[in-house]
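Student: Here's a sequence, model it:
(one chain, ligands or ions: 2)
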Amino acid sequence: MVGQDVDTGIGWIKGFVNEYVFEDASGTYLVDASFSGSAKPIRRAFERAAADLSKVGTILLTHQHVDHIRGAAELERRSRAVVACHAADAPCVDGRVRPKMPMILRLFASVHPVPVKRELSDGDSVGPFRVVFAPGHTPGEVAFYLPERKVLFSGDSVVEKKGRLTLPAAGYASDIRQAVASLSILRKLDIELLLPGHGEPVRGDVPAKLDDLIARAPGEYLSRAKGG
Ligand SMILES: [Zn+2]
Ligand SMILES: [Zn+2]
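Tutor: Numbers count the residues shown, from 1 in each chain. Ligands and ions are numbered 1, 2, ... in the order given. This next block holds a predicted model:
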């Protein structure tokens, strides 16, 4: 398996930003593409597993933020994989529009635009994945759901910190109210394993942890957003 084995056919490339590799009979998929412009963590993980990067057929991007997509251009060049992301974030991924980046990311990272060959909408199927539109962190934030496996690749729609589910800081969100509202969309899914864009995989008590976040989110995120 490429990366750390988290479940059958699912490898976790652990870092400040997580990437995941999923394999089944329909092909090899990569969820997110690393902050590294040369996609170093991903290329290393494939090398360590003696796996061929060119077998990646689809690169699924959860959202436009540079820390999740910057390696995509290099990976696409090496693998000829189809890059897919939500239509609302595609113009920032393919370079038509300059992304609104948090200042800290703008200082450290140039954008590496990559052609988006497949623009996604809510409910679309990509192989075994169902696209779940959960906007707010960015206008085109999506999670990728494997209904048969009850696994959700959540990107930054919800992340893990110290054993709890949380939202990325409000300052990174295009619309924090929408990001909070999107938690209820995720709550409707039957999830046994949640694989976030940041933090550790969460297994087992995902519904309870989402309920806990939904209960505290208005106080933690919306009151602050009001002031600033
Ligand atoms: Zn993000
Ligand atoms: Zn992120």
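Student: In contact with the residue of the chain at minimum distance from ligand 2, which residues?
Tutor: Among residues of the chain, the one nearest ligand 2 by Cβ to the ion turns out to be Asp156. It sits 4.3 Å away. All C-beta spots, glycine's among them, are computed from the backbone N, C-alpha and C. Counting by Cβ atoms under 8 Å, 6 or more residues apart in numbering, Asp156 makes contact with Thr62, His63, His65, His68, His137, Thr138, Glu141, Pro168, Tyr172, Pro196, Gly197, His198.
Student: What lies in contact with stretch 64-73?
Tutor: Under Cβ under 8 Å, 6+ apart, the answer for stretch 64-73 is 16-17, 32-42, 59, 61-63, 83, 85, 89, 92-93, 99, 101, 105, 109, 111-114, 138, 140, 155-156, 172, 197.
Student: List buried members of these by neighbour count.
Tutor: Buried subset of the contacts of stretch 64-73 (neighbour count, 16 or more other Cβ atoms under 10 Å): 17, 32-37, 39, 41-42, 59, 61-63, 83, 85, 89, 92-93, 99, 101, 105, 109, 111-114, 138, 140, 155-156, 172, 197.
Student: In strands only, show me the residues you listed.
Tutor: Ile59, Val83, Cys85, Gly155 (DSSP state E).
Student: give me the beta-bridge partners of the second one?
Tutor: For Val83, the beta-bridge partners under DSSP bridges are Ile59.
Student: Tell me if I'm right that it and Ile59 touch.
Tutor: Yes. When contacts are counted by Cβ atoms under 8 Å, Val83 is listed as touching Ile59 (4.8 Å).
Student: which residues are in contact with both of the two?
Tutor: Shared contacts of Val83 and Ile59 (Cβ under 8 Å, 6+ apart): Ala72, Glu76.
Student: So what sits opposite the residue most central in space within the chain in the bridge?
Tutor: Centroid check for the chain by Cα atoms, centre = their mean gives Gly155 as the closest residue, at 2.6 Å. Counting by DSSP bridges, Gly155 is bridged to Pro196.
Student: pLDDT value on it, please?
Tutor: Gly155 carries a pLDDT score of 98 in this model.
Student: Repeat that for Val21.
Tutor: 98.
Student: Pro147 too?
Tutor: Here, the pLDDT recorded for Pro147 equals 98.
Student: who are the neighbours in contact with it?
Tutor: For Pro147, the contacting residues are Arg130, Asp190, by Cβ under 8 Å, 6+ apart.
Student: Could you double-check that Lys209 lies in contact with Val202?
Tutor: Yes. The pair Lys209 / Val202 is scored as a contact, 6.3 Å apart, by Cβ under 8 Å.
Student: between the two, which one's more packed in?
Tutor: Remark: of Lys209 and Val202, Val202 carries more neighbours, 23 against 19, as counted by other Cβ atoms under 10 Å.
Student: Common neighbours of Lys209 and Val202, please.
Tutor: Leu165.
Student: Report the entries of the contacts of Asp156 that also contact ligand 1.
Tutor: Restricting the contacts of Asp156 to those near ligand 1 by Cβ under 5 Å from the ion leaves His65.
Student: Restricted to helices, list the contacts of Asp156.
Tutor: Judged by DSSP state H, helices contain the following of these: His68.
Student: The nearest residue to Lys150 once chain neighbours are set aside - how many residues pack around it?
Tutor: Distances taken as Cβ to Cβ, 6 or more residues apart in numbering put Glu192 closest to Lys150, at 4.1 Å, once the chain neighbours are dropped. Residue neighbour count, defined by other Cβ under 10 Å, stands at 15 for Glu192.
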